[in-house]
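Asker: just coords:
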């Protein structure tokens, strides 16, 4: 039976191995996560006023791009991507329900911002 060290090829007792791992594996990941978190924070600022934000085409694409008239996400939907990656979304089914009743969804709905826990 192999032990864990030989399976992954990492000697956790070697300080040089740790330095290499941090430099080559961890730092690039940290930089990428910082970019994603920065994007999410910028979106939070943009969405402070949902009614004003939805008047902008770019924000509508982020929140509703690729949502069908039934409130379902299409495959490869932009809104679904932002929901799954950044946790930023409006409930598409709720929006469709408000639209069908003639109520302005921006007056009633909020943007759900899931906190990212990295």
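Answerer: On my side now, so go ahead. These figures come from a predicted structure and were not determined experimentally.
Asker: how many residues are close by residue 95?
Answerer: 19 (other Cβ atoms under 10 Å). Every residue, glycine included, has its C-beta placed from N, CA and C.
Asker: who touches it in this structure?
Answerer: 64, 67, 71, 105, 109 (Cβ atoms under 8 Å, 6 or more residues apart in numbering).
Asker: surely the second one touches residue 74?
Answerer: Yes. Contact criterion Cβ atoms under 8 Å: residue 67 and residue 74 qualify, at 7.2 Å.
Asker: low-confidence stretches in the protein?
Answerer: In the prediction, the chain carries residues with pLDDT under 70 at positions 1-7, 109-118.
Asker: which parts of this protein are strands?
Answerer: 88-89, 112-113 (DSSP state E).
Asker: mind listing the strands the first one pairs with, and their directions?
Answerer: Put plainly, it is strand 88-89. strand 112-113 (antiparallel) (DSSP bridges).
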